[in-house]
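**Q** this one's sequence-less:
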């Protein structure tokens, strides 16, 4: 009898929907049906059925081909390579669980590595703005239950976060928003006429790259000062009208995306957006939230903040304390300057997402990929170690874009012999300790340690 | 837990639970517990000429969870204070890396508490929805035993039940929430005010109506005291009152303290109090504004000294640059309006909110100096030291690593006067406070009450923590202080409490000569209430999830077992 598992978390975008229902085969090895998820999420579950999924590590041979090797050999190679490297770079983590992020901390300390995550190429500028200006935010339920004005600035959830608008931001009927979309005024600020912009009540089609001026104009108007007739291509009257809508909201919610972080101004745009949120709190209630991309990309920011005090770009090579200085210790910049001599890519795809020069530099040195699937990075790597898929055949904690921890379930049994990220990292760490004749540091006694379990509650 | 035998020999034992004050004696430990005697093969720790106390118990500290981490994340500068917050601890020496000053990393938190001889720390505010996060951090914190108090006073279920006077339903909801969040007790933060903050409002008085819910903070406080005693939980309610931090707030504080009058504690844990008023320093101010801001510690303490069913902790300002963080969302917004530093806010659906703002307590800024004096005065005016506990509301009034400095000020008038003398506004501080006129110097016995026996009793943990009687946890701290010949230089008192000469946790030596030598066997302590199922509450809770008022699935809400690997569960049985 196939089993229907409810309340399953989706391993795709930052919405981290956990209302998915997955029908699995009796022996829990095949996904049969996926309900409630968007098309991308649905496919991610079905991918797990792929019979060609890697089941053993593959190592690059002198002739350039890849050959399957046992896990023991892969772990030994990774441990030795990382110990030999002067400054390894460990990057990724958008798509794995927090247990893995916590376990990698030991390896990173032991090897004196730089620890970085996908934020370094997406919401890193948002972190810089938060360092400067704080982050007045809320959980997505607050937006759902209260927000009567929703602003999407430089983001397009209809494509990037397909269920965001139906679960949290535009359509749902919340506690104080019983009329759903009818009760919400939606503003979209985007140079393109995106599908989100088409949904909006007001679309401010600003000149591309002029977000900073427009944020500035909003704040100026809110403080009762005059602005030029046209700012960033938007007429003064439209700006004044939009500012008035936000000011008269009962609860105004601003969502921003990479249209703000990766256009001219970058972190300064976000800085201004946060100031705008703060200013609006003098008139009404207003919150702001970054549209984080992957289902657990908020996770490394949290885990490493409690372990090292920094969310990303964490240089542990000094051995005694963590050091963060984006620009100096950020992945792309380190690679551009060819400063790292070993690269470990985990649950992300640097091959697809980094510019070509950094990849060329990284490729000169040992290049290790830890990922459940084949991807661009795995195909150019020296070693590819497959692991279980967090959220499909491995449970664990993930942080939704609003930093709410969600305890994901596993719906399938893991492939035989394939470890989770956490198990793999623990084994690599133990091997590193063996090689250096040191005792591993488990905060709790090793025999008492426990790996994630699903604990399905009906 | 270590199975070996240990004996701490020849120290000056200070154990208020047995009224022992400086008698020279031995403390024997076997299988992680204190025992009458051990065999001659026991490992000997020489404590001759040193003070021996139980492991410290911190009743209120923000050490793990979402707002603590929001503070770490938004303050990279807090990591840059080399010398204050860096150590040589590293993998090659067998340790995790340490970082942070006012909001230390989890590793540093565990290490620093251990270095000061603390064995138990209460995380003071856990948002229930985010409980897995709190437990993940507790999981990663070495050595110290920890528990966490979920916040209840702005929770929709609680307010809905109490509006209708339903104490039993409130109690059943508390029992359910403690179980699913692995929480310890009932925390109240700005009752009603934080709920109002979801609309950008606040409740500054206990009689202000809470928007939409149509009850008052006073109703919430009274109702939660009743529900807490109905359940007979180990800890009393733990309250952060309305109108925190504002000039002239002390009458409001007294009004909320009075709500406990006539209520008797009902529990099987030896707790005699029904209300713990936390970081009282922030609630003891007079004046109409910042110009005539002054201390009203005496007025507050005159009341508390008479009221046997109330405990409190100080929330001492330590005059450091620190990071304020509280579930009192509207207060943090207000504070940000005062200092214009960065502001983080986290509103949590149906439950609570939190805010984080960095703050620099400058001894030369008059209100800060008055705050410093107010916190110390509360302790110096206190008559029953078993009801007055040392805290800094870490990290709000200062980091917990400053407890030794607070102890120094409390134990030495000279040290207080020395600090006072360096202030820019010494005379005005003296005029606005009582501190200059107080000659009292607390004894080591007082300190042991305030940091050990008192908090353990108030938390209902007196059988295991806070004392050195046989059968209690084998947690012993040894400080390099000669009871018979206390140092003239108060700085030496601070230094001794900063770095324990030896700290034994569950029968294992975890600190020696002020430095960590083992990662110990930390535990997560939580309270499991067994009571008949309440169908109304079960229905209400499941509806909130199924109708989508919560945005997570009900099956993913309870904290999973593996996240808290070393549980110490306190059972409470409630008969129908």
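**A** Received, thanks. Predicted model only: the values in this text are computed from it and were never measured.

**Q** Centroid-nearest residue for chain B?
**A** For chain B, the residue sitting closest to the mean C-alpha position, by Cα atoms, centre = their mean, is residue B:60 at 0.6 Å.

**Q** any idea which element that residue lies in?
**A** Secondary structure from DSSP states H and E places residue B:60 in strand B:56-61.

**Q** tell me what that strand is packed against?
**A** strand B:118-126, helix B:454-458 (3 or more Cβ pairs under 8 Å, 6 or more residues apart in numbering or on different chains; DSSP states H and E). Just so you know, the C-beta spots here come from the backbone N, C-alpha and C atoms, and that holds for glycine as well.

**Q** Tell me who's in contact with the residue nearest to the centre of chain B.
**A** For residue B:60, the contact set (Cβ atoms under 8 Å, 6 or more residues apart in numbering or on different chains) comprises B:122, B:124, B:238, B:278, B:279, B:313, B:315, B:389, B:391, B:393, B:394.

**Q** Same check on residue A:85?
**A** A:111, A:113, A:340, A:341, A:342, A:365, A:366.

**Q** just these now: which is nearest chain B?
**A** For the contacts of residue A:85, the closest approach to chain B (Cβ to the nearest Cβ) belongs to residue A:111, at 8.9 Å.

**Q** pLDDT score for the closest one?
**A** Note on residue A:111: pLDDT of 96.

**Q** Could you report the neighbour count for it?
**A** 27 (other Cβ atoms under 10 Å in any protein chain shown).

**Q** ok, it touching residue A:81?
**A** No: counting by Cβ atoms under 8 Å, residue A:111 stays clear of residue A:81, with 9.1 Å between them.

**Q** Give me the common contacts of those two.
**A** By Cβ under 8 Å, 6+ apart, the residues touching both residue A:111 and residue A:81 are residue A:88.

**Q** Quick check: residue B:118 touching residue B:53?
**A** No: using Cβ under 8 Å, residue B:118 is not in contact with residue B:53, being 10.7 Å away.

**Q** didn't residue A:183 look like it was pressed against residue A:177?
**A** Yes: using Cβ under 8 Å, residue A:183 makes contact with residue A:177 at a distance of 5.0 Å.

**Q** Which of those two has more residues huddled nearby?
**A** residue A:177 (20 against 14).

**Q** residues in contact with the more buried one?
**A** A:144, A:145, A:146, A:147, A:148, A:183, A:184 are the contacts of residue A:177 under Cβ under 8 Å, 6+ apart.

**Q** for residue B:487, same thing?
**A** With Cβ under 8 Å, 6+ apart, residue B:487 has these contacts: B:481, B:493.

**Q** Check the gap between residue A:205 and chain B for me.
**A** 30 Å (Cβ to the nearest Cβ, to the nearest Å).

**Q** Give me the number of neighbouring residues for that residue.
**A** 16.

**Q** got it, and residue B:296?
**A** 23.

**Q** What of the one 10 residues further on?
**A** Under the neighbour criterion other Cβ under 10 Å, residue B:306 is assigned a count of 9.

**Q** Over to residue B:175?
**A** Counted with other Cβ under 10 Å, residue B:175 comes out at 23.

**Q** Which strand or helix spans residue A:286?
**A** Going by DSSP H and E, residue A:286 is in strand A:285-290.

**Q** roughly how far out does that strand sit from the chain middle?
**A** 19 Å (Cα atoms, centre = their mean, to the nearest Å).

**Q** List the contacts of it.
**A** By Cβ under 8 Å, 6+ apart, strand A:285-290 touches A:123, A:126, A:135-138, A:140, A:142-143, A:146, A:246, A:249-257, A:270, A:273-274, A:277, A:280, A:401-402, B:197-200, B:345, B:347.

**Q** hmm, 6 Å instead?
**A** A:123, A:126, A:137-138, A:251-255, A:277, A:280, B:199-200 (Cβ atoms under 6 Å, 6 or more residues apart in numbering or on different chains).

**Q** ditto for stretch A:4-12
**A** A:17-18, A:20-23, A:37, A:40-41, A:44, A:295, A:391, A:406, A:408-409, A:411, B:553, B:555-556.

**Q** buried residues in it?
**A** Under the neighbour-count criterion of 16 or more other Cβ atoms under 10 Å in any protein chain shown, stretch A:4-12 has A:5, A:6, A:7, A:8, A:9, A:10, A:11, A:12 buried.

**Q** Thanks again, I'm all set now.
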